[in-house]
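Novice: Provided below are the primary sequence and the corresponding predicted coordinates.
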Amino acid sequence: MGVIVGLLVGLILPALSRAREHARVTACKSNLRQIGQATFVYYDEEGSLPAENYTGYLLWDSSHYVLYGKLLQGNGRRLARVFYCPSAREFGPYDWDTGIQNLGVTNLITAASYWSRSLQQGAPTHLTAESKALLADLFDDSFANHSAGVNVLCTDGAVRFEAVTPAWRVSGLNAWNALDTGTIAALP
């Protein structure tokens, strides 16, 4: 009897783990869609997308709203929660050093668990018919939101999951071009 229960538990637990991760990937996509909707509102009000000369995951740099953190001006902490992937193990919403509580506080930073594209990496400043990647899950040497790939928010509002190899990096030289064209599998 104990052997049968052990065997059943051994079969069920991996399936439950995969189901939980699938649910987190889906919630992450929902977060990115909400960021996309806020981006379109920002674009309508400001006439451009919140692209800058640098890339990264900061929302607040200790004195200014930066990158997609600009979407939080006026919306504050309630919208800020969507900048955190449920699978993220780094830069969570309640992280002591980089969490939501630091948003707008001088000399403290707020980091998201999504990576923003820089102007040097081809970040679009205006919406066009061409769909380009805007934000993606963190996936680098020391951390990855999802082990098998990244969710990507595009200028057309679509969010898609891209499978990546363990060697792929969101901060890599050709990473954003690969996300634009869907050629990630060809990159190291």
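Specialist: Cool, got the structure. Residues are numbered from 1 along each chain as shown.
Novice: The nearest residue to Asn53 once chain neighbours are set aside - how many residues pack around it?
Specialist: Computed as Cβ to Cβ, 6 or more residues apart in numbering, the closest residue to Asn53 that is not its neighbour in sequence is Leu119, at 5.3 Å. Where you see a C-beta, it was placed from the backbone N, CA and C, and this is true even at glycine. Counted with other Cβ atoms under 10 Å, residues neighbouring Leu119 total 13.
Novice: Which residue ranges of the protein form strands?
Specialist: Per DSSP state E, the chain carries strands over the ranges 56-60, 110-116, 133-137, 149-154, 159-163.
Novice: Return the list of helices and strands in contact with the lengthiest helix in the chain.
Specialist: Scanning the chain for the helix with the most residues, using DSSP state H, yields helix 2-46. Applying 3 or more Cβ pairs under 8 Å, 6 or more residues apart in numbering; DSSP states H and E, one finds that helix 2-46 contacts strand 133-137, strand 149-154, strand 159-163.
Novice: about what we covered before: distance check, the residue nearest to Asn53 against Ala158.
Specialist: Separation of Leu119 from Ala158 (Cβ to Cβ, to the nearest Å) stands at 22 Å.
Novice: Likewise for Val152?
Specialist: From Val152 to Ala158 the distance is 8 Å (Cβ to Cβ).
Novice: Count the neighbours of the closest residue to Ala133 other than its chain neighbours for me.
Specialist: Distance criterion Cβ to Cβ, 6+ apart; nearest residue to Ala133, sequence neighbours excluded, is Leu179 at 3.8 Å. Leu179: 26 surrounding residues under other Cβ under 10 Å.
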